[in-house]
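# sequence-free structure coming up:
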């Protein structure tokens, strides 16, 4: 599972600085060529093993810009870990 940066992103860079696995790149390095920040899904671990929730979301000054909830088989997920504890 990976976080997703929505279209309300203000491109401040806070998320890039906080990502412990360097999964987030700015628009200049976006492999899709879009003028938006990009999260490499194969690198993002939603901070499982690093923080209680994604550090990028905590650092982001824009409420609702960074989202996560879909569970992808084979990838760690904070949602999955939360349900395991119930």
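In hand now; what should we look at? Quick caveat: nothing in here was measured; it's all calculated off a predicted structure.
# Report the contact partners of the closest residue to residue 15 other than its chain neighbours.
Leaving aside its sequence neighbours, residue 15 sits nearest to residue 56 (CB to CB, 6 or more residues apart in numbering; 3.6 Å). All C-beta spots, glycine's among them, are computed from the backbone N, C-alpha and C. By CB atoms under 8 Å, 6 or more residues apart in numbering, residue 56 lies in contact with 3, 14, 15, 16, 18, 19, 24, 66.
# From residue 50, how far out is residue 56?
11 Å (CB to CB, to the nearest Å).
# ok, now residue 41?
In terms of CB to CB, residue 41 sits 17 Å off from residue 50.
# One more: residue 66?
Relative to residue 50, residue 66 is positioned 15 Å away (CB to CB).
# Please report the number of neighbouring residues for residue 14.
19 (other CB atoms under 10 Å).
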